[in-house]
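[1] turn this into a structure:
(4 chains)
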Number of protein chains: 2
Amino acid sequence: MTQTKIGTQDMLCFALYSANNAINRLYRPLLAKLGLTYPQYLVLVSLWSEDGKTVGQLGRELGLESNTLTPLLKRMGEGGLITRKRSSQDERVVEVSLTDKGRAMQSEAGEVAACVYEAMGLAPDELMELRDRIFQLRDEVASRTP
Amino acid sequence: MTQTKIGTQDMLCFALYSANNAINRLYRPLLAKLGLTYPQYLVLVSLWSEDGKTVGQLGRELGLESNTLTPLLKRMGEGGLITRKRSSQDERVVEVSLTDKGRAMQSEAGEVAACVYEAMGLAPDELMELRDRIFQLRDEVASRTP
DNA sequence: GTAAAATAAATCGTACGCGATTTAATCGCA
DNA sequence: TGCGATTAAATCGCGTACGATTTATTTTAC
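    Numbers count the residues shown, from 1 in each chain, chains lettered A, B, ... in the order given. Have a look, this model is predicted:
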């Protein structure tokens, strides 16, 4: 027997949990200067890559549901970053689009991303490999979650 | 130029964020049967490995501060899992200890851990390697966070 | 054509995380 | 010894996440 008791330091899930918290603590003050939270920043990243998505599309991409997204998008709308409009094709669907202000924020956000990238201290190939392993784990776990 | 726009799928921080959410979605219903949340479970894991820690010690181990831990521990105290007592040596310090009920929960929690381990679909050596890489990243980021 | 099923958002309540501040106890040092 | 600085926990407010439910719209099956 090499180990009788396991502690938090042995758990992969705790590694993910605490690393995610650590990254958030790095992002938070940087994004706060732009008036953003981390999930709000993710919404912008998503819309910068392709503008005009429904709440459901954003949810599938980010792994969130309307109970999280609706109030978050409402705040972003009040902040003038996005617009929310019911689709005329299907009134159940809400389309989310960038405002000029939301689009303009992309350049300022570049500095934030660079700052975070630097703090990770990883070479690009290491970073991509780790990222893909973590996405794989996420997808494996998600596929086995009822 | 191989890529003009980056999206959420390119970001290591998003991999961590969404993997952490996915793991939580797996844990949540399992832990709910025991009346626990994930951070509460982490507190128990910590105390099972070594009982009798101060709020500050728990905070350093889990990467949390009293603003998060105090209400969480209060709920665990109300649930009869732990006791909280001011140290007689130093009245500023609060000692957290397991109750019999909290100790007894370790065996039930074993099934939860096994279930999560299985859902990850990783061999032990792969799991340990990934875990350590993520801890390394966490520590690197934390060391560069002002 | 219409009622039931399905789908998309929104709403509500609970429990984190954390920045900022407060309260209380101990320490340091002149 | 005494008093300002430090330390530990608690308190407060805000913004997520999410289970459960509700509301509104569209699809379907007959």
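
[2] which positions within stretch A:101-115 qualify as buried?
    Residues A:102-103, A:105, A:109, A:112-113 are the ones in stretch A:101-115 that count as buried (16 or more other C-beta atoms under 10 Å in any protein chain shown). Quick note: C-beta positions are derived from backbone N, CA and C, even for glycine.

[3] just checking the distance from the strand or helix carrying residue A:48 to the centre of its chain.
    Under the criterion of DSSP states H and E, residue A:48 resides in helix A:38-49. Put simply, helix A:38-49 sits 7 Å off its chain's centre (C-alpha atoms, centre = their mean, to the nearest Å).

[4] out of the buried residues of stretch A:101-115, flag the one nearest to residue B:44.
    Nearest to residue B:44 among these is residue A:112, at 36.3 Å by C-beta to C-beta.

[5] list phi and psi for the closest one.
    phi -60, psi -50 (degrees, to the nearest 10).

[6] if we can go back for a sec, same for the helix holding residue A:48, what does it pack against?
    With contacts defined as 3 or more C-beta pairs under 8 Å, 6 or more residues apart in numbering or on different chains; DSSP states H and E, helix A:38-49 has these neighbours: helix A:12-32, helix A:55-62, helix A:66-78, strand A:94-98, helix A:100-120, helix B:12-32.

[7] would you turn the ones you listed into JSON lines with mean pLDDT and distance to residue B:70?
    Formatted as JSON lines, those follow (pLDDT from 0 to 100; distance: least, C-beta to C-beta, whole Å):
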{"stretch": "helix A:12-32", "mean pLDDT": "98", "distance to residue B:70": "17"}
{"stretch": "helix A:55-62", "mean pLDDT": "98", "distance to residue B:70": "31"}
{"stretch": "helix A:66-78", "mean pLDDT": "98", "distance to residue B:70": "25"}
{"stretch": "strand A:94-98", "mean pLDDT": "98", "distance to residue B:70": "37"}
{"stretch": "helix A:100-120", "mean pLDDT": "97", "distance to residue B:70": "29"}
{"stretch": "helix B:12-32", "mean pLDDT": "98", "distance to residue B:70": "21"}
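
[8] any chance of these in CSV, with distance to residue B:43 too?
    Listed next are the helices and strands packed on helix A:38-49 as CSV, based on distance: least, C-beta to C-beta, whole Å:
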stretch, distance to residue B:43
helix A:12-32, 12
helix A:55-62, 29
helix A:66-78, 25
strand A:94-98, 38
helix A:100-120, 28
helix B:12-32, 12
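
[9] between these, which gets nearest to residue A:142?
    helix B:12-32 (4.8 Å).

[10] looking at the helices and strands packed on helix A:38-49, which is closest to residue B:47?
    Taking the helices and strands packed on helix A:38-49 one by one with C-beta to C-beta, helix A:12-32 is closest: 14.3 Å.

[11] next, the buried residues of the closest one.
    A:12-24, A:26-27, A:30-31.

[12] residues in chain A within reach of DNA strand D, list them.
    By C-beta under 7 Å from any atom of the strand, the residues of chain A that approach DNA strand D are A:37-40, A:63-65, A:67-68, A:71-72, A:75, A:89-92.

[13] show the buried residues in the residues you listed.
    Buried residues within the residues of chain A next to DNA strand D, defined by neighbour count using 16+ other C-beta under 10 Å: A:37-38, A:40, A:63-64, A:72.
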